[in-house]
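> Quick one, what's the 3D model for this:
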Amino acid sequence: MNYDNYEQKIVETYGVNLQNYPLGVMQNPGKIGCREDLIKLLNSLVNSSCLWVRLTKDELAECKKKNQECEAHGEQVYKPQKQQTKGPKAMKESGA
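Modelled structure (predicted):
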């Protein structure tokens, strides 16, 4: 799952949202710092207090609008993609 661009790659693309995520900002579970937070996340998923919901067309449009407004005001909603670099294999193939 794309945690860095969750809003764009998951919510806006598929029209779903993880409702009642207990840890604030969506992040890769491997980057959650302490065991207690992982247990909190697991328990909320198991007991369905945190669950995936499908957004209506109106909710999705409002979400996109809000994200674009936040970006326009300087908040980073959409993380820029990394630029692909030429590795050793690409250099050999191009004759460089």
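> where exactly do the strands run in this structure?
Applying DSSP state E to the chain gives strands spanning 16-19, 51-54.
> which of the residues in stretch 69-79 are buried?
77-78 (16 or more other Cβ atoms under 10 Å). Placement of C-beta: from N, CA and C, glycine included.
> For the spatially closest residue to Asp4 that is not a sequence neighbour, give me the pLDDT.
Setting aside the residues directly before and after it, Asp4 is nearest to Lys79 in space (Cβ to Cβ, 6 or more residues apart in numbering), at 4.7 Å. Here the pLDDT value assigned to Lys79 is 74.
> any idea how far Lys79 lies from Asn2?
9 Å (Cβ to Cβ, to the nearest Å).
> Which secondary structure element of this protein has the lowest mean pLDDT?
helix 88-94 (a mean of 58; mean pLDDT, DSSP states H and E).
> which one's the longest helix in this protein?
Longest helix of the chain, by residue count under DSSP state H: helix 57-72.
> Before I go, just wanted to say thanks for your time.
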